[in-house]
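>>> Let me see the structure of the following:
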Amino acid sequence: MRHFLDIHKTDFSDLSAILEQADKTKTARLGKPKGTIDEDAVLAGKMVALIFEKPSTRTRVSFDMGARQMGAQTMVLSGNDMQIGHGESIADTARVLSRYVDLIMIRTFSEETLLELAEYADVPVINGLTDRTHPCQIMADIMTFQEKHGSIKGKKVTWLGDGNNVCASFLHAAGQFGFDLTFAGPEELEPEAEFVGYARKKGSQVVIERDAAKAVEGADLVVTDTWLSMHDGKDARDRRHNLLRPYQVNAELMKLANEDATFMHCLPAHRDEEVTSEVMDGPQSVVFDEAENRMHAQKAIMQWCLDG
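Next up is the predicted model:
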């Protein structure tokens, strides 16, 4: 049985195989109606549970559509539907769901919820997002970058803004895929030392830089994310805006990166806050390719989990 819990917990050979399968899956679907089932239908007869304690657009639709394209049926459950970890323990929830479904994807708050679910489940569990990491997003991002530029190994990625869960998974990926990462953001919002240490231990150069202009010099990929959590109140919003305003990605900043540098954002974006519309809609942006590739990458992840 294989879980997909984090990029650094999955062997590089398996990560590479997943991306190779994602490319094949995407190519095979070119020109086909989105609602058609794949010819090989590798998940025919399978039931996939999709648990959402956090609201979602891309994660929900991409996993749901991807599973259906592979011939599976899906059961979408919200935190209100299940009260996971409240009325029933997470361990017991895992045991029960394992009697009904073949695969579980969970998008949750606490990493502990994910890990306990995986510990007690008898079926594979996929991390659709926690407050600490977002591995499926970064698999789609690497897929997207390599479609445009070839191997990401040895490239420079610059992250601007909040060292959040997406940044954490980028650091895991830096260590696994062999690229360097420069973080530019306020000291208060730096990524956890554990994530930085992992990438450095694996041989990646990780630089912490306060000056956004210096950070993007020579960058092959420029990445940002929303400055705000869906749960932030007004005081937190105002404080974050003040801290992060110097790290907005705009056209002037992108000019300092490599000429063919790509811009990414996992979405949803607050246009003209963390990134200007000029950049988001410009020729260097691949944000909607990223969004599409969530489905292809996750199809490959689901197949990898069940092949095991």
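>>> pLDDT weak spots in the stretch 51-200 of the chain?
Flagging of the stretch 51-200 of the chain using pLDDT under 70 yields the residue ranges 85.
>>> Give me the buried positions along the helix or strand containing residue 214.
Element membership of residue 214 [criterion: DSSP states H and E] is helix 212-216. Within helix 212-216, the residues scored as buried using 16 or more other CB atoms under 10 Å are 212, 215-216. From N, CA and C alone the C-beta is placed, and that goes for glycine too.
>>> which among those gets closest to residue 237?
Closest approach between those and residue 237, by CB to CB: residue 212, at 20.6 Å.
>>> May I have the predicted confidence score for residue 308?
You'll see residue 308 listed with a pLDDT of 64.
>>> for the record, mean pLDDT for the helix or strand harbouring residue 279?
Here residue 279, judged by DSSP H and E, is contained in helix 277-280. In this model, helix 277-280 carries a mean pLDDT of 98.
>>> List the buried residues in that helix.
For helix 277-280, a neighbour-count test (16+ other CB under 10 Å) marks 279-280 as buried.
>>> quick one, what contacts residue 214?
Neighbour list for residue 214: residue 184 [criterion: CB atoms under 8 Å, 6 or more residues apart in numbering].
>>> What distance do you get for it to residue 289?
Note on residue 214: its distance to residue 289, by CB to CB, to the nearest Å, is 28 Å.
>>> just to revisit the earlier point, helices or strands next to the helix holding residue 279 in the packing?
Counting by 3 or more CB pairs under 8 Å, 6 or more residues apart in numbering; DSSP states H and E, the packing neighbours recorded for helix 277-280 are helix 251-254, strand 262-265.
>>> what do you get if the cut-off is 10 Å, keeping everything else the same?
Packing partners of helix 277-280 (3 or more CB pairs under 10 Å, 6 or more residues apart in numbering; DSSP states H and E): helix 251-254, strand 262-265, helix 287-307.
>>> contact partners of that helix?
For helix 277-280, contacts defined as CB atoms under 10 Å, 6 or more residues apart in numbering pick out 222, 224, 248-254, 263, 265, 267, 269, 271-272, 274, 285, 287-288.
>>> now do stretch 243-252
Residues from elsewhere that reach stretch 243-252 (CB under 10 Å, 6+ apart): 158-162, 184-189, 210-213, 215-216, 222-224, 226-228, 253, 257, 263-265, 272-280, 282, 284-285.
>>> ok, now with 6 Å
160-161, 184-186, 212, 224, 227, 275-276, 278-279 (CB atoms under 6 Å, 6 or more residues apart in numbering).
>>> Export the buried residues of helix 212-216 to JSON lines and append columns for pLDDT and distance to residue 151.
Formatted as JSON lines, the buried residues of helix 212-216 follow (pLDDT from 0 to 100; distance: CB to CB, whole Å):
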{"residue": "212", "pLDDT": "98", "distance to residue 151": "27"}
{"residue": "215", "pLDDT": "98", "distance to residue 151": "23"}
{"residue": "216", "pLDDT": "98", "distance to residue 151": "21"}
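>>> Please state the offset of stretch 278-290 from the chain centre?
Here stretch 278-290 is found 17 Å from its chain centre; the criterion is CA atoms, centre = their mean, to the nearest Å.
>>> Please apply the same query to stretch 198-215.
The chain centre lies 20 Å from the centre of stretch 198-215; the measure is CA atoms, centre = their mean.
>>> Next: stretch 82-92.
How far stretch 82-92 lies from its chain's middle: 25 Å, per CA atoms, centre = their mean.
>>> which residues touch that stretch?
93, 113, 116-117, 120.
>>> So which of these sit within helices?
93, 113, 116-117, 120 (DSSP state H).
>>> Which pair in the residues you listed has the greatest spatial separation?
Spatial extent of the ones in helices among the contacts of stretch 82-92 (CB to CB) is set by the pair 113 and 120 at 11.5 Å.
>>> on that earlier part again, just the buried members of the contacts of helix 277-280?
Here, 16+ other CB under 10 Å leaves 222, 224, 248-249, 253-254, 263, 265, 267, 269, 274, 285, 287 buried among these.
>>> about what we covered before: which of the contacts of stretch 82-92 has the most neighbours?
residue 117 (25 neighbours; other CB atoms under 10 Å).
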